[in-house]
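**Q** Just a sequence and a predicted model for now, questions to come.
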Amino acid sequence: MTGVPSDDFRLPLDVKPKHYDLTIKTDLNNDVYEGVVKIDLEVKKRTSTIVLNVADLEISGVILHSHALKNEQLDTTRSFDAKSERGTFCFPNALPASSEATLSITFTGKLSGSMVGYYKSSFQHDGSTKSYALTQFEPTAARRAFPCWDEPLLKATFAIAMISRADTVNLSNMPAVSEELCTAGTTDNEGNALPALFSKLGFQDEVQVKDEWKITRFKTTPPMSTYIVAYANGHFSYIEGSYTSPLSGAIRPLRVYSTPDVIHQTRYALEVKTKVIPYYERIFDIEYPLPKLDTLVAHDFDAGAMENWGLITGRTSAFLLDPDRVDVAMKKRVTVFMSHEVAHMWFGNITTMEWWDYLYLNEEVIIVGTIYPEWKVDSEFISENLNEALELDAKLSSHPIEVHCPDANQINQIFDSLSYAKAASVLRMLSNHVGQERFFKGVSTYLKDHLYANTVTKDLWEGIHVEVSELMDNWITKTGFPILSVTESKNGIRVRQDRFLETGPPEEKDNQTIWSIPLALLSVDETEKVKVDNIVLNTREASFNVDTRRHFKLNAGTFGVYRVHYSEERLFRIAREAAEGDSIFSLNDRIGLVHDAMALAKSGHASVSSALTVVDILRGEQEFLVWDSISRNLQLLVSTWWEHEDITHGLNKFRRDLFVPLVKRLGYEYSSSDSVHISQLRTRAIEQAANAGDPDVVAELQRRFKHYMESGDRAAIPADLFRISIITAVKQGGREEYEFSKALYENPTTPPSESISAMYAMCASLDASCIKDTFPYILNGVRKQDIIYFLLGLQRNYQTRRSSARFVMDNFSELEKRFEGNFSFKDVISGTFCNLSTRADYEILEEFFKDKDTSRYHYALSQTMEALRASIAWIDRSTRDIAEWFVRNEREAMSG
């Protein structure tokens with residue numbers, strides 16, 4: 001396994017861009033685009049050489065105009081470095097220092113399905129395939145669309161013009177200021193005739209034929225980084241709304257664009273956008289600075305969504321919601337995606353990290369909980385973000401939140417749960433520690449002090465105006481997080497911090513960090529009054545006065561980014577109190593308790609039997625989010641012991657004992673009067689009971705799906721149950737159910753949620769011939785963005801775990817090439833191999849990757865290999881413990 005990044009990746013700063021005048025001509029019929037970019041430069045040092053970023057473009061004319069020399073020069077030599085993605089242009093006369101110049105470059109490129117740079121996406125409409133073009137530049141792909149200084153620090157303004165066929169729609173960051181048909185007299189922004197400007201690119205010839213072309217000119221942007229520049233061309237429809245700024249009273253238009261076939265599914269995304277913008281304005285006390293905010297929904301998209309300033313883009317599953325089939329999970333997904341991208345209009349766009357090392361500074365605050373308080377978003381955060389981050393960060397192969405990123409391979413890999421979920425968790429912990437009002441006021445100050453500028457970590461701490469640098473430094477710059485071990489005595493407790501690793505206690509060399517830890521110590525005094533002390537532990541260990549005869553708990557509210565290890569007796573005592581209806585321990589406490597118990601069991605600090613006992617104690621729980629944490633952790637056990645039939649049999653029986661009573665109580669029908677948590681609890685209970693093999697639940701889901709197959713009427717399957725229904729039907733069925741799911745996936749009118757469900761269902765088949773057909777279908781029949789869904793689905797099917805891993809290894813070169821430049825290839829690695837579980841699996845993977853250049857995915861691979869080692873050790877250590885717990889539990893149930 002190789003791949004050491006180069007430190008020589010930043011562009012020289014002899015010249016810096018100040019303004020881009022970019023004209024792009026898009027030819028969708030021939031899958032090409034052509035352009036001219038004129039870049040106004042500030043010359044910082046005397047130079048006759050200009051170095052900028054460029055990749056996958058054909059460069060033709062290059063002209064340099066010096067304001068000081070009052071001349072124009074052609075380049076004498078040019079060279080291109082594919083690895084560093086740079087072009088170097090040398091000119092006969094040096095530009096004087098402290099002068100200004102304009103660099104003009106003419107270029108062409110191809111519209112491919114790469115999902116990076118300026119690329120094409122396709123869709124089916126009225127029986128034919130149509131295409132459109134859009135951009136995806138983050139982190140380093142603007143250079144694939146036009147020559148530029150493609151670094152976040154090098155902000156400039158952009159005046160963009162787009163030439164396209166007259167019957168298409170052009171979009172960009174800013175609103176259009178003019179649009180006209182192209183004629184022989186049409187000029188660019190500086191009065192140059194467009195036919196002359198594009199003469200080498202065939203523009204004049206095309207004007208002479210019947211095609212009509214138009215030019216759309218957009219308003220100049222504020223100073224911005226290249227990675228949030230955006231434009232698109234195609235046959236788009238839109239819906240429109242507006243919001244009124246609470247700060248100025250200004251009314252701004254808000255639109256969601258999509259292809260005509262799905263425009264009816266964009267209404268909810270617009271509704272969310274309309275709600276969240278004014279809230280962000282109030283919280284940050286900064287008005288949204290652009291004249292409009294559009295969203296474009298794309299059929300082919302690498303990431304989930306992208307925060308281009310003024311033109312948010314994202315995949316269909318991020319922004320579409322079928323108004324006739326609304327399921328809670330999809331509604332939440334669209335809400336979170338839109339809220340997250342709108343937050344970037346401030347964090348990342350107005351104020352931008354200096355370099356990708358500080359990516360987390362772009363990932364600040366979303367306010368879904370303010371818009372939808374009934375969703376209990378802060379509590380949901382614990383499972384969706386905090387626990388996810390801790391699972392990844394419990395590895396030696398993890399990385400700090402603030403991580404050195406010397407090259408593009410490294411940058412693409414840090415868009416992970418550490419840069420996002422751990423960063424958000426650490427900031428949530430800080431907000432709770434200093435107080436939310438103080439935190440948001442500091443965030444507002446930070447933004448105001450750095451409008452249209454770039455920042456590093458200390459700028460955020462200075463904005464909050466409290467001494468947080470010392471508190472936060474190790475959370476940001478060091479890898480890992482602590483486990484707090486609690487030892488009790490008559491006089492109180494002693495708390496010790498060590499680094500937490502999923503493989504067990506660390507070696508001394510890996511246990512050097514001392515974190516400053518907000519303990520949030522909850523205790524009960526002699527009057528039964530509950531208090532929470534905001535104590536900070538900043539030494540290896542310390543003692544605290546607590547009446548241990550009464551209830552106490554560290555990390556009250558589960559805001560801390562750490563695990564807590566109690567004695568088994570104390571753990572059960574906390575769980576029993578938490579199970580009481582009027583417990584002093586909150587919903588957040590109960591969620592965190594379940595996650596900590598299982599994480600400590602995996603690492604060997606505690607036993608799996610103790611974690612299962614905690615779950616058993618909480619079986620009377622009423623809140624969905626606690627059941628959510630329980631189901632996630634039981635599923636983890638089943639997935640880990642998937643080849644141990646006696647263990648999975650016992651786990652599935654335990655799951656049925658827990659969840660079938662909930663199914664019987666809640667039933668299969670959904671009502672508009674149900675709270676969101678009742679709806680989700682019903683869904684989760686049915687999913688868990690079906691996955692655990694309850695015959696009544698399986699039969700009911702099969703019955704409903706069979707009716708749908710025979711009649712075409714989906715009414716018998718509530719939207720929230722569609723995924724588990726189709727997966728169960730295919731798993732328990734045969735070729736007929738498989739082909740039905742395949743047809744559903746291929747139908748362009750199928751809503752995104754049901755399309756994803758159909759993919760997972762195809763992979764759930766137990767019919768060997770169906771699975772045999774699925775493998776070539778992945779390579780030849782699906783969108784590139786959908787490959788990961790199929791690979792994840794095959795990993796969920798225990799009969800196809802190894803065969804799908806072998807499929808990826810057999811086709812590795814093709815997949816690696818297909819995902820070149822994309823974020824998602826690291827997910828192919830982790831998603832395919834992370835569920836394997838034997839030493840033989842480990843040795844096969846080690847041998848397979850030993851001679852490969854893993855620089856594009858070395859984090860994901862290292863983390864996957866470490867997770868495999870942890871699983872092997874966990875199975876060896878805990879199999880007997882789990883089996884014995886089943887025996888004891890069964891005996892107690894019979895005697896009780």
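**A** Yep, it's here. Numbering: from 1, shown residues only.

**Q** shaky segments in the stretch 751-896 of the chain?
**A** Low-confidence segments of the stretch 751-896 of the chain (pLDDT under 70): 896.

**Q** what do you get for the chain?
**A** Across the chain, the ranges flagged by pLDDT under 70 are 1-8, 184-185, 187-210, 363-369, 408-409, 466, 896.

**Q** If we use 50, what do you get?
**A** Scanning the chain for pLDDT under 50 picks out 1-7, 199-209.

**Q** Show me the helices in the stretch 151-300 of the chain, by range?
**A** Under the criterion DSSP state H, counting those that start in this stretch, helices of the stretch 151-300 of the chain are mapped to 194-197, 203-208, 267-284.

**Q** got a list of contacts for the last one?
**A** It stands for helix 267-284. 239-247, 252, 254-256, 287-288, 293, 295, 297, 319-321, 323, 326, 331, 334-335, 338-339, 342-343, 345-346, 365, 367, 370-371, 440, 443-444, 447 (Cβ atoms under 8 Å, 6 or more residues apart in numbering). Just so you know, the C-beta spots here come from the backbone N, C-alpha and C atoms, and that holds for glycine as well.

**Q** If any of the residues you listed are buried, give me the ChimeraX selection for them.
**A** What follows is the ChimeraX syntax selecting those of those that are buried according to 16 or more other Cβ atoms under 10 Å:
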select :243,252,254,255,256,287,288,293,295,297,319,320,321,331,334,335,338,339,342,343,345,346,365,367,440,443,444,447
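
**Q** Among the contacts of helix 267-284, which are located in strands?
**A** Of the positions in these, 239-244, 252, 254-256, 293, 295, 297 sit in strands, assigned by DSSP state E.

**Q** now those as JSON lines including distance to E467?
**A** Shown next, in JSON lines, are these (distance: Cβ to Cβ, whole Å):
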{"residue": "I239", "distance to E467": "48"}
{"residue": "E240", "distance to E467": "47"}
{"residue": "G241", "distance to E467": "44"}
{"residue": "S242", "distance to E467": "43"}
{"residue": "Y243", "distance to E467": "38"}
{"residue": "T244", "distance to E467": "39"}
{"residue": "R252", "distance to E467": "39"}
{"residue": "L254", "distance to E467": "40"}
{"residue": "R255", "distance to E467": "45"}
{"residue": "V256", "distance to E467": "44"}
{"residue": "L293", "distance to E467": "37"}
{"residue": "T295", "distance to E467": "40"}
{"residue": "V297", "distance to E467": "45"}
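
**Q** And the furthest pair within the residues you listed?
**A** Across the ones in strands among the contacts of helix 267-284, the longest distance by Cβ to Cβ is 25.0 Å; it joins T244 and V297.

**Q** could I have stretch 672-682 exported to CSV, CA atoms only?
**A** The C-alpha atoms that make up stretch 672-682 are tabulated as CSV, following Å, rounded to 0.1, in the frame of the first residue of the first chain:
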residue,chain,number,x,y,z
SER,A,672,-51.9,12.2,10.0
SER,A,673,-52.5,12.6,13.7
ASP,A,674,-49.4,10.4,14.6
SER,A,675,-46.4,12.3,16.0
VAL,A,676,-43.3,11.9,13.9
HIS,A,677,-41.8,9.7,16.6
ILE,A,678,-44.8,7.3,16.7
SER,A,679,-44.5,7.0,12.9
GLN,A,680,-40.8,6.3,13.1
LEU,A,681,-41.1,3.9,16.0
ARG,A,682,-43.8,1.9,14.0
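
**Q** Next up, phi/psi of P92, please.
**A** With angles defined as degrees, to the nearest 10, P92 sits at phi -70, psi -30.

**Q** That one: how many residues sit nearby?
**A** Using other Cβ atoms under 10 Å, P92 has 11 other residues around it.

**Q** just the one 3 residues further on next, same as before
**A** Other residues within reach of L95, judged by other Cβ under 10 Å, total 26.

**Q** list the contacts for the nearest residue to it once chain neighbours are set aside?
**A** In this structure, L95 finds its nearest non-sequential neighbour in V43, 4.6 Å apart by Cβ to Cβ, 6 or more residues apart in numbering. V43 is in contact with D14, V15, L95, P96, A97, S98, S99, E100, A101, counting by Cβ under 8 Å, 6+ apart.

**Q** Show me how to select, in PyMOL, the buried members of the residues you listed.
**A** Listed next is the PyMOL selection for buried residues among those, using 16+ other Cβ under 10 Å:
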select buried, resi 14+15+95+96+99+100+101
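
**Q** neighbours of the closest residue to H125 other than its chain neighbours, just the number please.
**A** Leaving aside its chain neighbours, H125 sits nearest to D261 (4.8 Å; criterion: Cβ to Cβ, 6+ apart). Neighbour count of D261, defined by other Cβ under 10 Å: 16.
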